[in-house]
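Novice: Please work out how this folds:
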Amino acid sequence: MLPRQMASALLSFGLIFCLWSAAFAAEPAFTFADGVLTIRTERYEVAWRDGCMVRLRSVLPQAGEFTLPTMPMAAGQLPNGLGSFHGQDKEGKEQHFPWRFAPLSTAFPAQHPPAAETKVAFEKSGNTARLTYSGLKDEPSASLVQELVVEAGTGDLVIRQEGRSANPGVFGVAFSALNLRPDVQFLVPYFGGQRWGKEFAAEKLVTIAWPEFWTAGLVVGESPSGGTFAVWADDPKMRPKFLHWYHGQDVQGIGFEACNDAPYDDTREVKAFNWRFNTFANWMEPAQRYKDWMRTTHRLVPRKERPSKWVDEIALIWPYWPSEEPMKKMAELLDPKRILIHQWGWLKGFNRRIPEYIPQSKDAAEHAALAHRYGFRVGIYTSMALVDVETHPTIMKDYGLEFFYRGLYQDKPTEAKGWLVYVHPGSPKWREFYANRMAEVHAKYGVDYFYQDVAGCAIGSSGIVDGKTFSAAVVACEAAIRAKAPQAAIGGEFWTEVNACQEDFGIGSFLSWGGQEQPGGHKDFISRPDQPHPLLSYLFSDYCVYWPHVTTIRDTRRFHNDQNINEVIGAIPVWTTTPDDRVSEARAVLERAKLWADGFRPHFPKSWTPKAVSYMRNPSGRVVKYVRDGGSTYCYEEAAGGDKLKYARLTGVGSVTVSVPVTIDGWLAYSPQGPIGLDPSQWYCAFPGPPDDVPILLTRLPPGASVTGTRVTDDYVLVQLDGSSEGEVRWQAKKPFLSLSTPASRLDASAKQVAVKLP
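Specialist: Alright, predicted model coming up:
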């Protein structure tokens, strides 16, 4: 046994050694050779060449390779380096089309990345590496500087960039992560949150603009073996930015472009906001980092803590302007205090005469008062970025307004074209006037909620007004409205991080966008059961909830496709039918509305049940989850004795096996395990409870047979079967039949089964 003093000394040495080792390991290592910079930290190892990340290996929290060892990609395959319109005006605009699916062979002549002739200088200072590239591709006078900083504490790789050229027209600077393995999947803030995997935009080069299409400045890459990496923008001024994705069959690249604000004619330099990179264990870790950044940077206040916190109690949107009788019927479905009535056509002539905001109905105030007596809330359509210049010919001059446009792919208008003009809301005089106008409408007409059209639709740059980009001006204007009318809630067009700053709802219509950009149709692809992802719900739902627009309950296939997205992203239910409609899809909407009325809101547990795509939790701790099995979705409430079904949306199956009795409205075919005879190409809604009280139940059908039609009267029951098999049909009758018929024969009334051959 060692003497006590010696053991104590060895223990002390061991502690000192461990602490010293940890400190030493935390120091990043920079190696520069043959034009390649390698950065090694505790969390990752990256290689940097020609202004791009060309190799990425994760060390912590999980070791793994995200890139191919052969490094087959070159910087010119994506927009990289310095961007300039000089001599390439048309090409520069084309590459900034805000939603673009282009061939992989697309060239970018307006981009000037480092090339073979470029001279590169390396400097190191502490935890910072500085790369200076002089003489860029096709721009010998241009230079690019990239500072790569390993931030103490977070371990983030902070990417700082600036570029210069002797020629005017400089619009931005970009870098990419190249040579990514083809099995890396991206989680992208795109159409509510989407998975970009091997089947989406295959063999395409995709470009999306922030914020309308790239709705938050973050991208997460997932490895199939576990672990993630993320790149995100540290951009408090809301400047223009673009995401580029090279999606080859054998390799991928993801690019990040930061742009100057318009105009560009005389611009010879660019200094980008910072980008950040790091590796993580899962997607929620980088999402939390970005959410924390949003909250701190933009001073976000949760919906339930705003003066208009009543909006967090809303459980159902009713886009209708009802008379008293429909109000009474709607009140039978749900507590009116949980319902927001919204009238899109409140204005006289829609946008005519704005910003006067005169209602088309002379009794608008009385109508709102009637709704309030029942407990409903009332919303209307408005816009801080639209003016009627025909009615108000001097309004732009009077309020210092500038034309709204989408610089980087559009030129600034020089004159109004038509009576309705889109404007940049950055003018302080306009902001004061508009906020006062909203407060007046709120007080005079009893309006509780203002939808702000055009709020989230900035693309590229509309220039700077009073030091603000278009998006920053939207946020400032909405903050002014809240200051003038604190009890009023606000919503806006699209569901982006711009909307999330001040708005309670972001309104969109994902299934109204797109044609054949994606084989099979873009809107059908993004609504596939496995496509939506809750990334944006994680970021926004505390502040701004998605409100789906346009899709009606009676448009069955489109409704279910829309629900495939809405259930994942925590969208608020919308009632788009009459109050007395009891079709199954209406029942499903009502079930979701009841959950919202009970306080259920998007929830993100640390561990997820297999096949669970989203969760909700209420203040008492009850948890609901949505489980996807094939194309079908099951909504369960978790319980100690076993999950309890709330409702299910079924497709792609011929039968359903569930542990509790379920019913499909008007359905006649059930085995002891659940509904049978379903047509896999159709949609059905199922609810807990025994089958309806019908005169006959089909209990067995031939293999693959579908019930494609039924008619039930007091005198007879007609069942139409489809399929291509033969077998036995069995049934249970609730009352005696005089006779039973098939196309081939007539059966005795006592019969309980018949052999059939289909079709």
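Novice: Surely residue 232 is in contact with residue 218?
Specialist: Yes: using C-beta atoms under 8 Å, residue 232 is in contact with residue 218, at 4.2 Å. For glycine as for every other residue, the C-beta is placed from the backbone atoms N, C-alpha and C.
Novice: where exactly do the helices run in this structure?
Specialist: 4-26, 89-95, 284-298, 324-333, 364-374, 395-398, 428-445, 470-484, 497-502, 522-526, 535-540, 556-569, 584-597 (DSSP state H).
Novice: Okay, angle between the third one and helix 470-484 too, please.
Specialist: For helix 284-298 and helix 470-484, the angle between their directions (axes from the mean of the first three to the mean of the last three C-alpha atoms, to 10 degrees) works out to 60 degrees.
Novice: what does helix 284-298 rub up against?
Specialist: Residues external to helix 284-298 that are found in contact with it (C-beta atoms under 8 Å, 6 or more residues apart in numbering): 216-218, 220, 228, 230, 232, 234, 236, 278, 280, 300, 475, 497, 500-501, 535, 538-539, 604.
Novice: Buried members of those residues into PyMOL, please.
Specialist: Here is the PyMOL command that selects the buried residues among the contacts of helix 284-298 (16 or more other C-beta atoms under 10 Å):
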select buried, resi 216+217+218+220+228+230+232+234+278+280+300+475+497+500+501+535+538+539+604
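Novice: okay, now the domains of this protein?
Specialist: As given by automatic domain parsing, the domain ranges for the chain are 79-297, 299-382+428-583, 651-757.
Novice: Can I get those domains in CSV including distance to residue 634 and mean pLDDT?
Specialist: Listed next are the domains of the chain as CSV, based on distance: least, C-beta to C-beta, whole Å; pLDDT from 0 to 100:
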stretch, distance to residue 634, mean pLDDT
domain 79-297, 20, 98
domain 299-382+428-583, 10, 96
domain 651-757, 8, 86
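Novice: can you list those in a markdown table and add distance to residue 590?
Specialist: Output for these, formatted as a markdown table (distance: least, C-beta to C-beta, whole Å):
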| stretch | distance to residue 590 |
| --- | --- |
| domain 79-297 | 22 |
| domain 299-382+428-583 | 6 |
| domain 651-757 | 10 |
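Novice: Relative to residue 409, which of those is closest?
Specialist: domain 79-297 (4.3 Å; C-beta to C-beta).
Novice: what about that closest one, start to end distance?
Specialist: Using C-alpha to C-alpha, to the nearest Å, the span of domain 79-297 from its first residue to its last is 29 Å.
Novice: does residue 212 really touch residue 495, like I thought?
Specialist: No: using C-beta under 8 Å, residue 212 is not in contact with residue 495; the gap is 10.3 Å.
Novice: any shared contact partners between the two?
Specialist: residue 456.
Novice: Verify the contact between residue 730 and residue 698 for me.
Specialist: Yes: using C-beta under 8 Å, residue 730 makes contact with residue 698 at a distance of 7.2 Å.
Novice: ok, those two, which is more surrounded?
Specialist: residue 698 (23 against 15; other C-beta atoms under 10 Å).
Novice: got the contact list for the spatially closest residue to the more buried one that is not a sequence neighbour?
Specialist: With sequence-adjacent residues excluded and distances taken as C-beta to C-beta, 6 or more residues apart in numbering, residue 698 is closest to residue 669, at 4.0 Å. Residues near residue 669 by C-beta under 8 Å, 6+ apart: 675, 676, 677, 697, 698, 699, 701, 707.
Novice: which of these are buried?
Specialist: 675, 676, 677, 697, 698, 699, 701, 707.
Novice: what ranges do the strands span in the stretch 501-650 of the chain?
Specialist: With DSSP state E, counting those that start in this stretch, the ranges of strands along the stretch 501-650 of the chain come out as 505-508, 545-548, 601-603, 612-617, 623-629, 632-637, 644-650.
Novice: Now for residue 124, how many residues are close by?
Specialist: 14.
Novice: The residue nearest to it when sequence neighbours are not counted pairs with what?
Specialist: Closest residue to residue 124 apart from its sequence neighbours, by C-beta to C-beta, 6+ apart: residue 30 at 5.2 Å. Beta bridges link residue 30 to residue 39, judged by DSSP bridges.
Novice: doesn't residue 36 make contact with residue 30?
Specialist: No: if you go by C-beta under 8 Å, residue 30 and residue 36 don't touch, sitting 11.4 Å apart.
Novice: how near is the closest residue to residue 630 other than its chain neighbours to residue 667?
Specialist: Nearest residue to residue 630, sequence neighbours excluded (C-beta to C-beta, 6+ apart): residue 652, at 4.9 Å. Using C-beta to C-beta, to the nearest Å, we find residue 652 at a distance of 17 Å from residue 667.
Novice: Neighbour count: those two, which is higher?
Specialist: residue 667 (22 against 15).
Novice: pretty sure the more buried one is touching residue 692, no?
Specialist: Yes: the pair formed by residue 667 and residue 692 meets the contact definition of C-beta under 8 Å, at 7.4 Å.
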